[in-house]
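Visitor: Whatever this is, show me its structure:
(one chain, ligands or ions: 1)
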Amino acid sequence: MTCPFLKEAQVKYCQTSSVRKLIPIAAAGRADDKCSSQEHLTCPVYRMQSAEPSVSGHCPYLGESLMQYCGAAPVAKMIPYSESQISRCGCDRFRYCELYLSMAHPGVPADDVDGIPLPEWLRYSANHMWLDIGEDGVCHAGIDAFLSRALGQAERISYVWQRGQHRATAVVTVNGVDHEIVFPNPFLLTSCNLYLRADPSRLSAEPYTGGWLFEGVPAPETSENLLQGAAARQWMEREQHRINEFLQQQPAAHGPLAADGGLFAPGLSQNLDHDQMLALFHTFFSPYASEKRYT
Ligand code: SF4
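Guide: Sure, this is the predicted structure:
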């Protein structure tokens, strides 16, 4: 799958120029397009070359090529075909491109479990992180809607590593307290979503799209013990029961712990006192939670 904003254009360019200036064919043919007419004989660059005049009337140094460009960018940047295959534009990685997200506004996924969105194409770890392995072999990871609802508004996000073979880790600050968010299996980390450092609110508002955290190259063990499809849905149902039981055991909190419809309150962690919040994170979101098996 390619990005819907990736467009094609036939372009012309001067083969003698050290800086390749590309002219879309649609823009060529204007009165001042001397390269495609006998006017090229007056071009000082052409006159410095030794080519015979072409019979077609076009300058013999005029090249043509099919290029691709991003139709969402304010200034169209041409992308050679060879480059689009390795960039995110030419494969399903475009779903995590900041430009695509800001123009397309992909909505909340339709799949949910009792009000908690749970896209069925993702794999989930027991500490509430998701993994998406694309057809090009690149993976993305982030937090699921259960964790983002419990966290509420994040104040700051920083990354322990931005590259290398690691268990990818972000530190998310909520209500003045730092929480380590750790993907439980290692992969080759190639980049992190640095936009979140400027706008941490996207972590909770768009956990499956603009709130992604890590990009990398998965190893065979990266998918170990992750749940998908029906198994993930059953696990999420159990997690909702488990957190309701956990909350019933908590003595008086700062704010409401339950919302209408049996769901826990959004921004739950901010309504708990310090010790209760640490217990919540240890029980549900610590990397050690990934060692539990759900059958
Ligand atoms: S830069 Fe982003 S929006 Fe533009 S074509 Fe590539 S993936 Fe699509």
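Visitor: Quick one: neighbours of L188, just the number.
Guide: Residues within reach of L188, counting by other C-beta atoms under 10 Å, total 17. Any C-beta I mention is one placed from the backbone N, CA and C, and that applies to glycine too.
Visitor: where does it fall, phi/psi-wise?
Guide: When quoted as degrees, to the nearest 10, the phi and psi of L188 stand at phi -80, psi 100.
Visitor: List the contacts of it.
Guide: L188 makes contacts with 164-165, 216-219, as judged by C-beta atoms under 8 Å, 6 or more residues apart in numbering.
Visitor: Now rank those by neighbours and give me the top one.
Guide: Counting neighbours by other C-beta under 10 Å, G216 leads the contacts of L188 with 24 neighbours.
Visitor: any idea of the mean pLDDT in the helix or strand harbouring that residue?
Guide: Using DSSP states H and E, G216 sits in strand 214-218. Strand 214-218 shows a mean pLDDT of 97.
Visitor: Helix or strand next in line after that strand, which one?
Guide: As assigned by DSSP H and E, the chain's next helix or strand after strand 214-218 is helix 229-248.
Visitor: Buried residues of that following helix, list them for me.
Guide: 232-233, 235-236, 239-240, 243, 246-247 (16 or more other C-beta atoms under 10 Å).
Visitor: show me which of the residues you listed neighbour the ligand.
Guide: The overlap between the buried residues of helix 229-248 and the neighbours of the ligand (C-beta under 6 Å from any ligand atom) is empty.
Visitor: Out of those, flag the one nearest to the ligand.
Guide: The ligand lies nearest to A232 out of these, by C-beta to the nearest ligand atom, at 27.7 Å.
Visitor: contacting residues for the closest one?
Guide: Contacts for A232 (C-beta under 8 Å, 6+ apart) come out as 118, 120, 122-124.
Visitor: Flag whichever of those residues scores worst on pLDDT.
Guide: Scanning the contacts of A232 for pLDDT, the smallest score is found at E120, 92.
Visitor: and that residue, how many residues sit next to it?
Guide: Here the number of neighbours of E120 (other C-beta under 10 Å) works out to 12.
Visitor: what sits against it?
Guide: Shown in contact with E120 (C-beta under 8 Å, 6+ apart): 111, 228-229, 232.
Visitor: so which two of those are the farthest from each other?
Guide: Using C-beta to C-beta, the two most remote members of the contacts of E120 are D111 and Q228, lying 11.6 Å apart.
Visitor: give me the number of residues near T16?
Guide: Counted with other C-beta under 10 Å, residues neighbouring T16 total 16.
Visitor: what's it in contact with, if anything?
Guide: With contacts defined as C-beta under 8 Å, 6+ apart, T16 is in contact with 45-46, 49, 61.
Visitor: where does it land in three-state SS?
Guide: Of the three states, T16 takes coil according to DSSP: H, G, I helix; E, B strand; the rest coil.
Visitor: and it, how far is that from E39?
Guide: Here T16 is placed at a distance of 16 Å from E39 (C-beta to C-beta, to the nearest Å).
Visitor: check contacts around the residue nearest to V138 when sequence neighbours are not counted.
Guide: Once flanking residues are discounted, V138 sits nearest to R93: 5.6 Å by C-beta to C-beta, 6 or more residues apart in numbering. R93 makes contacts with 134, 136, 138, 140, as judged by C-beta under 8 Å, 6+ apart.
Visitor: Wasn't R93 part of a helix?
Guide: Yes - R93 forms part of a helix when assessed by three-state DSSP.
Visitor: Test my guess that H40 contacts H58.
Guide: Yes - with contact defined as C-beta atoms under 8 Å, H40 and H58 form a contacting pair (7.1 Å).
Visitor: who's more crowded, those two?
Guide: Between H40 and H58, counted using other C-beta under 10 Å, the more crowded position is H40 (22 against 16).
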